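A.B. asks: the sequence and its predicted three-dimensional model are supplied below.
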Amino acid sequence: MTLSEKATCNSHGQDSSYFLGWEEYEKNPYDDSTNPNGIIQMGLAENQLSFDLLEKWLSENPEAAGFKRNGESIFRELALFQDYHGLPAFKNALAQFMSEIRGNKVSFVPDNLVLTAGATSANETLIFCLANPGEAFLLPTPYYPGFDRDLKWRTGVEIVPIQCTSSTGFRITEPALEEAYKQAQKLNLKVKGVLVTNPSNPLGITLTRHELNLLVDFADAKNIHLISDEIYSGTVFNSPEDYVSIMEVLLDRNLVNTPLWNRVHIVYSLSKDLGLPGFRVGAIYSNDKRVVSGATKMSSFGLISSQTQYLLSAMLSDEKFAGKYVVQNRRRLKNRHAMLVRGLKKTGISCLESNAGLFCWVDMRHLLREKSFEAEMELWKKIVYEVGLNISPGSSCHCAEPGWFRVCFANMSEATLELAIQRIKTFVNAIIGQNQSQNRVCSRTKSSKWVFRMSFNGRESER
């Protein structure tokens, strides 16, 4: 008996080097005591730097953690209740937290939120609402490898890349947008929208106001949707006051209640900002009531448990805690980011200048055997198997240039990160030593040939 085409097709993306690196890590995971020579996981964008703040709040608020209200257990109430609209208290708290992260420059209407089981579910649900199979969304490269699964696998929607390069700092440009749109037309694909991550995964940079205005103008001119995935909005560790949400741009340009107002949507999650990927808390925010209604119906396939909503509504409603957490978490991310950048710089490796996220976009082009994606994969395999680090090659993020890698820094202890940097240093020094040795051999060979030619020429003249 055969399985369905969907179950057996290869469009899931699990054969990407991004996921293959995870598999290799799981076979041989590093542990400082039981497996000190194992592979260190630097391909996982998890925020483990502020768990102590969350655990402290839980210990100080036993009622919420114990599912109690005014001393009385509400376990039965939570266990029996599951409305796909979500708990009003949680939606109110989440909307307020989203505003807090954005410096209260924008506010969010709780009724415009659709709760989903993580950002993966949010992105897929939104694509289901906005596009039909065979239609397309434009995404700037490099982009999160999981989007090949989240946006395409079950929806049947295609991704057309907006090619961004190092020559412009991987920034989105008007020519790149137009070229991607033309490419979609050549492929006979109807473009339904553009999806961006702000801050960017894997670049770790926030979109500038200029880029956001370009995107708004483009979406308006082409009469298409614009999705802003802002799940890293709370990780902006340098000048967080300068972070601009797409909603802020719409407000500043007086686009409220215009046709475009209903075609701009936000995806959010607590997986990165609070470091709770296991809680599976995601959300869609849309001003279009039809999108909210359709997405709410679809959310039946991926709901957030009532227990999770109750606990987090209590946590996020504690404004003193939420504000303190955001500030301290950003400070810790800034310090950890600086540690990685500084360590890599000492080995002769530079990073794209970034101000957000849980990773760095690392430039290893000078370590390639040649300028090709084959050479990038060779280098990546050496780093995974010989150095013992799982990092994500740029090709898995659809980067147009070989030699770039995403390296995560917030999912491990400081001591583990120090070890990872030391491993990279040892590896780079070995490459430099090999190159110098090869150069000396080549130099001696050339010198010998020159001496031989001189000697040979001398004998010729003697004849």
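C.D. replies: Received the coordinates, thanks.
A.B. asks: stretch 257-267 - what's its average pLDDT?
C.D. replies: For stretch 257-267, the mean pLDDT works out to 96.
A.B. asks: in that stretch, what counts as buried?
C.D. replies: 260, 263, 264, 265, 266, 267 (16 or more other CB atoms under 10 Å). Backbone N, C-alpha and C define where each C-beta goes, glycine included.
A.B. asks: please apply the same query to stretch 391-406.
C.D. replies: 391-399, 401-406.
A.B. asks: and for stretch 193-209?
C.D. replies: Neighbour-count burial for stretch 193-209 [16+ other CB under 10 Å]: 193-207.
A.B. asks: likewise for stretch 265-285?
C.D. replies: In stretch 265-285, counting by 16+ other CB under 10 Å, buried: 265-277, 279-285.
A.B. asks: restricted to strands, list those residues.
C.D. replies: 265, 266, 267, 268, 269, 282, 283, 284, 285 (DSSP state E).
A.B. asks: got a list of what the third one touches?
C.D. replies: What it means is residue 267. 119, 122-123, 126, 227-231, 282-285 (CB atoms under 8 Å, 6 or more residues apart in numbering).
A.B. asks: same deal with the first one?
C.D. replies: With contacts taken as CB under 8 Å, 6+ apart, residue 265 has the following neighbours: 126, 130, 225, 226, 227, 228, 284, 285, 286, 288, 291.
A.B. asks: buried ones among those?
C.D. replies: Buried, going by 16+ other CB under 10 Å: 126, 130, 225, 226, 227, 228, 284, 285, 286, 288, 291, out of the contacts of residue 265.
A.B. asks: distance of the most centrally placed residue in the chain from residue 379?
C.D. replies: Residue closest to the average C-alpha location in the chain (CA atoms, centre = their mean): residue 201, at 3.0 Å. From residue 201 over to residue 379 the distance is 22 Å, taken as CB to CB, to the nearest Å.
A.B. asks: what do you get for residue 278?
C.D. replies: From residue 278 to residue 379 the distance is 32 Å (CB to CB).
A.B. asks: cool, residue 388 as well?
C.D. replies: Where residue 379 is concerned, residue 388 sits at a distance of 14 Å (CB to CB).
A.B. asks: excluding covalently adjacent residues, which one is nearest to residue 295?
C.D. replies: Once flanking residues are discounted, residue 295 sits nearest to residue 114: 4.3 Å by CB to CB, 6 or more residues apart in numbering.
A.B. asks: what two of the contacts of residue 267 are the furthest from one another?
C.D. replies: 228 and 282 (14.1 Å; CB to CB).
A.B. asks: for the chain, give me the ranges with low pLDDT.
C.D. replies: 11-14, 81, 433, 435-463 (pLDDT under 70).
A.B. asks: secondary structure element holding residue 227?
C.D. replies: Element membership for residue 227 (DSSP states H and E) is strand 225-229.
A.B. asks: name the helices or strands packed onto that strand?
C.D. replies: Under the contact criterion of 3 or more CB pairs under 8 Å, 6 or more residues apart in numbering; DSSP states H and E, strand 225-229 touches helix 118-130, strand 191-197, helix 209-222, strand 264-269.
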